[in-house]
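Chemist: The amino acid sequence is not available; the structure is as follows:
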C-alpha cells in the first residue's frame, strides 16, 4: 500500500470518527473498505474527497453533498459555524454577537441550519433561527430587521440538485451584505483552526437558541408589497409563475395579495419545494429547458408574460410572447430586465442628491447611460452583490445573471421577489397605455440608445482548463473579436488602486463594443460577456452574433 493511500485512509477514518450523520458515515465506510482492498475507483474517490477541502470565500461554501472535506456535510458545516462564531466573537465590540440563520428546501438544509444554531448558541452567541424554510432575501432582510451582527443562509441557490451551500452576511457597518475581503480570509482561518483540532464532537453545543416568530416574515411581506402597489389595471393581467421547485411561492403569494396583484397561472409541478428538482435537469432559469413547463403554461393560458424565481428566490427570470422564438416564448436577458428596472428607479430618483445606479462590470453598460441621462451617479463593481450592494447612494443595482436589487433600504442582496413585484408594476402600468413589456423594452432603446448583449458560457469537468485558458489569454492577447479590432485591453488582476480588481480580462473594441472574460465564482464555468451598441437593435444584435462566433472560435483555439 502506497504512502499516499495510507494518508487518505487515515484522513477518511479520522473523518468517520467525528461524523454525526449516519448516511455519510455509511457512505464513507463503504469507500474505505473498498479502498483498503486496493480498488482503484475507491482510491480515486477518497483522493477527490480528501485531497483538499471546500474553500471558504466571499460566497461562503458551496459544493456537492457527501462525506469528506471536499464535500458539503455536517462535519464541514459544524466547522464553519464554529469558525464563524470565533470570528464574530473576536470582532465583537460589546455584548455577545447576534446571528440569524435561514435555510431553503434543499437536501439537508434544515439539518445544517440546526447544527449551526446549536454551535452558535454553544459559543455564546445570541442565535435566531428563522421559523421555516424561506427565500434567501428573507434572511438578508432579517439581518437588518433584528439588527444582527451576522446572518447565515443554507442554500446552493440554483446549483445542481445534489449541491448545498453556506452563505454568510455581516450586519453593522456592512449593512447586511454578503462578506468581502478580508473578512473571508479571516473567517477561513478560524474555520481551519477548528478543522485542525480534528473533532467536532468537542465543540460546545446548546439548544438555547430562539426561533423567530412570524413578525419578521410579515415585515418582509409588507416592505416588499410596498415596492409597487398594484394599480387598477393589474386586475387584467394574465401571467404565469414558477418557483422552480424552490421556496419562493409561499412568501411571494402573500406579497401578491398584500400588493393587490392577481394570482398567476402557476406551474403546479414546480410550485412547492422539492429537493430532487424532478422536472428539470438543472434548476436554473438560465439553463436550456428549465422553463419549458412555464412556456407550455404560457401558451395554454395565452399569458401576457412569465415570471420565474430560482430555487431560493433571489433571482428572477422574465419571458414574453415572441412568435419568432422556438415555442413562442423568449426569456429576456438579465441585462434587458436590469435596464427596465434601472430606468424605473432612475425616473423615481431623479433630482435626489447622491443617488446612484450600480451594476457589475460584466453587466450592460447601458445602465451608465440611463444614470447619466437622469443626472444620477453610476458605479461599476466587481461581480456579485457583495460589491453591488456596497455602492454609495445606490437606489438600484443589478447583475446580468438575473439578480436585481430594487429596494436597498430593505434588503442588501439580490431579491427575486421584490424584483418580480417591480416587474408586475411595470407590466400593469404598460397595460394602462395599451402596451406590453415588449414595447417597454423597445422604448428603452429609443430613449437611451440601442444595446445588445450576449454570453458564451463553457462548463468544464476539469477546473484547470479554465486557468489554462486565462493564462493563454494573458500571455498572448487576441487582436480582434468577430472582426472588430481590440482598441484597449485591461487585466483587472493588475487594476489600479481603488479600481475593481479580480480575475477578469476586459477588451474594448472598435465602435464601442466590449468583451469580458472571467471564471465563474460559483460554478466550474468560463464566461465571456458580449456587449454592443448601434443605431438600431438589429445592428447591435448582428454585432453581438459576430462577437459570439469570434469568442467560440477563440475558446476552441485556446482550450
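Modeler: Noted; the coordinates are in hand. The shown structure was predicted, so the numbers you read here are calculated from the model rather than taken from an experiment.

Chemist: quick one: contacts for the nearest residue to residue 531 once chain neighbours are set aside?
Modeler: Of all residues not flanking residue 531 in the chain, residue 514 sits nearest, at 4.5 Å (CB to CB, 6 or more residues apart in numbering). C-betas here are computed from N, CA, C, even on glycine. Taking CB atoms under 8 Å, 6 or more residues apart in numbering, we find residue 514 in contact with 365, 506-508, 529-532.

Chemist: ok, these vs residue 538, which is closest?
Modeler: Comparing these against residue 538 with CB to CB places residue 532 closest, at 11.3 Å.

Chemist: If you tally nearby residues, what's the number for that closest one?
Modeler: 26 (other CB atoms under 10 Å).

Chemist: Report whether the expected contact of it with residue 545 is present.
Modeler: No: assessed by CB atoms under 8 Å, residue 532 is found out of contact with residue 545, at 9.3 Å.

Chemist: Nearest to residue 336 among the contacts of residue 514?
Modeler: residue 531 (12.4 Å).

Chemist: Residue 452 is in contact with the closest one, correct?
Modeler: Yes: if you go by CB under 8 Å, residue 531 and residue 452 touch, sitting 7.5 Å apart.

Chemist: and residue 219, that's in a helix?
Modeler: Yes: using DSSP: H, G, I helix; E, B strand; the rest coil, the assignment for residue 219 is a helix.

Chemist: roughly how far apart are the closest residue to it other than its chain neighbours and residue 253?
Modeler: Spatial nearest neighbour of residue 219, chain neighbours left out: residue 145 (5.8 Å); criterion: CB to CB, 6+ apart. Separation of residue 145 from residue 253 (CB to CB, to the nearest Å): 21 Å.

Chemist: Serialize the contacts of residue 514 to a markdown table and add fields for distance to residue 210, secondary structure and pLDDT.
Modeler: Shown next, in a markdown table, are those (distance: CB to CB, whole Å; DSSP: H, G, I helix; E, B strand; the rest coil; pLDDT from 0 to 100):
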| residue | distance to residue 210 | secondary structure | pLDDT |
| --- | --- | --- | --- |
| 365 | 46 | coil | 91 |
| 506 | 46 | strand | 93 |
| 507 | 51 | strand | 94 |
| 508 | 52 | strand | 93 |
| 529 | 43 | strand | 94 |
| 530 | 48 | strand | 94 |
| 531 | 47 | strand | 94 |
| 532 | 52 | strand | 93 |
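
Chemist: Which pLDDT does the model give residue 500?
Modeler: Looking at residue 500, its pLDDT is 67.

Chemist: quick revisit: with distance to residue 112 added, can I get the contacts of residue 514 in JSON lines?
Modeler: Shown next, in JSON lines, are these (distance: CB to CB, whole Å):
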{"residue": "365", "distance to residue 112": "39"}
{"residue": "506", "distance to residue 112": "37"}
{"residue": "507", "distance to residue 112": "41"}
{"residue": "508", "distance to residue 112": "44"}
{"residue": "529", "distance to residue 112": "33"}
{"residue": "530", "distance to residue 112": "38"}
{"residue": "531", "distance to residue 112": "39"}
{"residue": "532", "distance to residue 112": "43"}
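
Chemist: Please identify which of the residues you listed is nearest to residue 181.
Modeler: Closest to residue 181, out of all of the contacts of residue 514 and judged by CB to CB, is residue 506, at 20.6 Å.

Chemist: That closest one - how many residues pack around it?
Modeler: By other CB under 10 Å, the residues close to residue 506 number 19.

Chemist: Also residue 30?
Modeler: 12.

Chemist: Same question for residue 361.
Modeler: Residue 361: 22 neighbours (other CB under 10 Å).

Chemist: what sits against residue 295?
Modeler: Contacts of residue 295 by CB under 8 Å, 6+ apart are 306, 319, 327-329.

Chemist: what residue ranges in the stretch 351-500 of the chain score low on pLDDT?
Modeler: By pLDDT under 70, the low-scoring segments of the stretch 351-500 of the chain are 498, 500.

Chemist: on that earlier part again, could I have the buried ones of the contacts of residue 514 as PyMOL selection syntax?
Modeler: Of the contacts of residue 514, the buried ones go into a single PyMOL selection, burial set by 16 or more other CB atoms under 10 Å:
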select buried, resi 365+506+507+508+529+530+531+532
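
Chemist: Among the contacts of residue 514, which one sits closest to residue 183?
Modeler: Nearest to residue 183 out of the contacts of residue 514 is residue 506 (CB to CB; 26.4 Å).

Chemist: how about that closest one, what does it touch?
Modeler: Contacts of residue 506 (CB under 8 Å, 6+ apart): 361, 489-490, 492, 514-516.

Chemist: which one of those residues has the most neighbours?
Modeler: For these, neighbours tallied by other CB under 10 Å; top is residue 515, 28 neighbours.

Chemist: Checking my notes, it in a strand, right?
Modeler: Yes: Residue 515: assigned to a strand according to three-state DSSP.

Chemist: Looks like it contacts residue 481 (just checking).
Modeler: Yes: counting by CB under 8 Å, residue 481 is a contact partner of residue 515 at 5.1 Å.

Chemist: Helices of the stretch 51-200 of the chain, residue ranges please.
Modeler: 74-91, 109-122, 136-145, 183-197 (DSSP state H, counting those that start in this stretch).

Chemist: How far off centre is the longest one?
Modeler: What that stands for is helix 74-91. 22 Å (CA atoms, centre = their mean, to the nearest Å).

Chemist: rewinding a little: pull up the gap between the residue nearest to residue 531 and residue 494, please.
Modeler: Distance from residue 514 to residue 494, by CB to CB: 18 Å.

Chemist: Residue 150 too?
Modeler: Plainly put, residue 150 is 33 Å away from residue 494 if you go by CB to CB.

Chemist: Comparing residue 145 and residue 253, which shows the higher neighbour count?
Modeler: Taking neighbours as other CB under 10 Å, residue 145 and residue 253 compare with residue 145 leading, 20 against 17.

Chemist: Against residue 135, how distant is that one?
Modeler: Using CB to CB, we find residue 145 at a distance of 14 Å from residue 135.

Chemist: now swap in residue 232 and tell me
Modeler: Relative to residue 135, and taking CB to CB, residue 232 is found at 29 Å.

Chemist: More neighbours: those two, which one.
Modeler: Using other CB under 10 Å, the more surrounded residue of residue 232 and residue 135 is residue 135, with 31 against 9.

Chemist: ok, the more buried one - contacts?
Modeler: 104, 246-248, 251, 309, 312-314, 416-417.

Chemist: Looking at the residues you listed, which one is closest to residue 198?
Modeler: residue 104 (30.4 Å).

Chemist: Please identify the nearest residue in space to residue 49, excluding sequence neighbours.
Modeler: In space, residue 49 is closest to residue 68, 2.9 Å off (CB to CB, 6+ apart).

Chemist: follow-up on the earlier one: so what sits against both of residue 515 and residue 481?
Modeler: By CB under 8 Å, 6+ apart, the residues touching both residue 515 and residue 481 are 507, 509, 547, 551.
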